[in-house]
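Enquirer: The following block contains a protein sequence and its predicted model.
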Amino acid sequence: MRAPYRTKAARRSVVVAAATCAATALAPVLGAHAAGSGWTVTGSSQHSTLTAGEGVTTVHNGSDTVLYRGAGSIPLSVLVQGWSHIGDPDSVGGYVFDAYQSGASTPTSKMFRVTTPSGAAYEYTHALVPGELYNNSFDAVSPDTQWMVAGEWGTMDHLQIYPTPLLNPATPATGGSLALSDEIRLDHPVNDIQGCDFTSATQLLCVSDDSSRSLFGDDKPLLEVDLPHALDGADITGHVTDLAPIPQTSICSGSFEAEGDDYDTATGVLRVEVIQPSICGAATTVYTYTRG
C-alpha cells in the first residue's frame with residue numbers, strides 16, 4: 001500500500017510565501033471539460049495548500065461560508081494528542097465534521113471532531129476493527145443528518161458507515177467512542193478516495209487520486225456512487241460510475257494530487273480540489289462544477 005500523505009507533507013514544507021506567488025501566477029487555462037451526467041466545469045480558483053489542501057465544505061449557519069481545511073487547520077489541542085492529519089470535512093445544519101488520522105507508528109484508532117454552530121467542539125474516537133486501515137481521508141454526512149460515511153486508503157470495495165457523531169442519538173452527547181454501523185459495499189473497487197459528498201439521499205460524488213487507470217479509464221476520476229435507498233445504518237450496495245477525469249492544469253509538470261470535494265445543496269455548485277505538482281504544490285486549485 002502506498003504510504004499516504006507523506007509526500008504531501010513534504011510538499012507542504014515549501015515556504016508559505018510561495019503560496020501567495022503560486023496563487024497569483026497559476027490560474028489555469030480552463031478548456032471545455034464536461035464531466036458525465038451533466039456536470040460541467042464552470043470556473044476555478046487558487047488557494048494555499050497549507051490551509052486549503054485537504055478539503056472543503058460549505059457551512060450554512062446564518063450566512064453561507066465556504067470552509068477549507070489544510071495541514072495548518074489542525075488546532076494545537078488536537079495536534080498534541082497525536083492527530084496529525086486532517087481530511088476532507090463535511091457540514092450540515094451549521095455543524096462541521098472533521099476527520100482526523102493518527103501520526104503514531106502503529107495507529108489503533110481514528111477520530112472525528114464535531115464543531116457545533118455555537119463553536120463548541122466534541123471528539124469521537126473510533127477504535128480500529130480487525131482489517132481496518134488507519135487512514136481517515138474524509139467524512140460525508142447524509143442529508144437526514146443521521147449517518148456519516150468515511151473511507152480508507154488504497155484499493156477498497158467498501159465505504160464505512162457510522163452513526164453521525166452528536167446528531168445521531170445513538171452516539172454520546174459530548175464526545176466519546178464511535179463504533180462502525182455497517183458498510184456501503186461497492187459493486188466496483190475504487191482506489192485512493194480522498195473525498196466524498198452527498199448530492200442527494202441516494203447519491204455521493206467521490207474524488208479518486210488514482211492515476212493508474214487500472215480500475216477506471218480516467219486519470220484521477222470523479223466517481224458517482226448511487227444507492228438503492230437512503231442510508232439506514234445497515235449494509236447497502238453502491239453502484240460506482242466513472243464520470244470523467246478531474247482537471248489537471250498547471251505551469252509546473254509532475255504529479256497532481258486530487259483532494260476533497262463539496263456539494264453545496266443551496267446553490268447546486270460542486271467544488272473539487274487538486275494540489276498543483278512539484279514546486280507549484282504550495283497552491284491548490286479548486287474547480288467549480290454545475291449540473292445541466
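Expert: Thanks, I have the structure now. Numbers count the residues shown, from 1 in each chain.
Enquirer: Which residue ranges of the stretch 151-292 of the chain form strands?
Expert: Here the stretch 151-292 of the chain has its strands, by DSSP state E, counting those that start in this stretch, at 155-163, 176-177, 182-191, 193-200, 203-208, 221-226, 236-245, 257-263, 270-275, 283-291.
Enquirer: To residue 104, which of those lies closest?
Expert: Smallest distance to residue 104 across the strands of the stretch 151-292 of the chain (CB to CB): 17.8 Å, for strand 176-177. From N, CA and C alone the C-beta is placed, and that goes for glycine too.
Enquirer: on contacts alone, who are the packing partners of that closest one?
Expert: strand 121-127 (3 or more CB pairs under 8 Å, 6 or more residues apart in numbering; DSSP states H and E).
Enquirer: So which bits of the strand it packs on are buried?
Expert: The neighbour-count check on strand 121-127 (16 or more other CB atoms under 10 Å) flags 122-126 as buried.
Enquirer: Quick check: the residue nearest to residue 93 when sequence neighbours are not counted vs residue 189, distance?
Expert: Closest residue to residue 93 apart from its sequence neighbours, by CB to CB, 6 or more residues apart in numbering: residue 145 at 6.4 Å. The gap separating residue 145 from residue 189 is 29 Å, by CB to CB, to the nearest Å.
Enquirer: for residue 250, same thing?
Expert: Counting by CB to CB - residue 250 and residue 189 are separated by 29 Å.
Enquirer: So the two - more neighbours on which side?
Expert: residue 250 (20 against 14; other CB atoms under 10 Å).
Enquirer: Touching, the more buried one and residue 275? I think so.
Expert: No: assessed by CB atoms under 8 Å, residue 250 is found out of contact with residue 275, at 9.7 Å.
Enquirer: what touches both of these two?
Expert: Common neighbours of residue 250 and residue 275 (criterion: CB atoms under 8 Å, 6 or more residues apart in numbering): 256, 285.
Enquirer: How about the contacts made by residue 252?
Expert: So residue 252 contacts 26, 276-280 (CB under 8 Å, 6+ apart).
Enquirer: cool, residue 87 as well?
Expert: 54-55, 69, 98-101, 136-139, 194-195, 260.
Enquirer: Just the pLDDT for it.
Expert: Per-residue confidence (pLDDT) for residue 87: 98.
Enquirer: before we move on, what about residue 169?
Expert: 98.
Enquirer: Okay then, goodbye and thanks.
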